[in-house]
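Peer 1: could you work out the structure for the sequence below:
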Amino acid sequence: MHDLGAYIRHQREGAKLSLRKLSKIAGVSNPYLSQIERGLRKPSAEILQAIAKALQISSETLYVKAGILEERHGDEDLETAIMRDEHLTDEQRQTLSRMYRTFRELNAVHLGAAAAAPRNPIERVVAAILPGARDVAEPPAAEPAAAIVDSSPDDVDSVDDVQDAS
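Peer 2: The predicted structure follows:
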């Protein structure tokens, strides 16, 4: 239970909220919230939900910390949850899933779980986010300086003429 209180305190401090401010937002008395943070009281699921809402965090996380729910392990349902979310468009669901898989692959490479690192990790993230996007990780080759230097100001009427000269 102390773990729960320490977690709530950490989240509150991270959100830069005073104990008094959080208690007001959550609709919980200041002394009761203080006792929860110190591990002296075990709050109900309803109180945890109000605290989670006030802190803008997942109530599920607080339920797990309080022992009300068992912790889910790994990413067993993340992609399923993304696909079921009715607030997202189909394109957004697909994009989030691609991004998630790409980040997992990049982390696996970083942790040495994959055989070889990708040629350019930025290209893989961009490709996951914007399928069909051109290679933005490597800028186009610069024009040789000689092509610009060889053009005299009298020969150039516009920027397009400089580009055409090269």
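Peer 1: tell me the mean pLDDT for stretch 70-88?
Peer 2: Averaging pLDDT along stretch 70-88 gives 71.
Peer 1: and the chain, what are its domains?
Peer 2: Listed by automatic domain parsing, the domain ranges of the chain are 2-66, 78-129.
Peer 1: any chance of a markdown table for these, columns mean neighbour count?
Peer 2: Using the backbone N, CA and C atoms, a C-beta is placed for each residue, glycine as well. Listed next are the domains of the chain as a markdown table, based on neighbours: other C-beta atoms under 10 Å:
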| stretch | mean neighbour count |
| --- | --- |
| domain 2-66 | 16 |
| domain 78-129 | 13 |
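Peer 1: among those domains, show the one with the smallest mean pLDDT.
Peer 2: Minimum mean pLDDT among the domains of the chain: domain 78-129, a mean of 73.
Peer 1: list the helices and strands whichever helix in the chain runs longest packs on?
Peer 2: Taking DSSP state H as the criterion, the chain has its longest helix at helix 90-110. Applying 3 or more C-beta pairs under 8 Å, 6 or more residues apart in numbering; DSSP states H and E, one finds that helix 90-110 contacts helix 78-84, helix 121-129.
Peer 1: SS state for Glu71?
Peer 2: coil (DSSP: H, G, I helix; E, B strand; the rest coil).
Peer 1: burial measure for it, as a count.
Peer 2: As a burial measure, Glu71 scores 10 neighbours (other C-beta atoms under 10 Å).
Peer 1: list the contacts of it.
Peer 2: Each residue near Glu71 by C-beta atoms under 8 Å, 6 or more residues apart in numbering is listed here: Val64.
Peer 1: switch to 10 Å and redo it
Peer 2: Neighbour list for Glu71: 60-61, 63-65 [criterion: C-beta atoms under 10 Å, 6 or more residues apart in numbering].
Peer 1: return the member of those residues nearest to Leu48.
Peer 2: Nearest to Leu48 out of the contacts of Glu71 is Tyr63 (C-beta to C-beta; 6.2 Å).
Peer 1: quick check, that closest one in contact with Ala45.
Peer 2: Yes - using C-beta atoms under 10 Å, Tyr63 is in contact with Ala45, at 6.5 Å.
Peer 1: so what sits against both of the two?
Peer 2: With C-beta under 10 Å, 6+ apart as the test, Tyr63 and Ala45 both reach Leu69.
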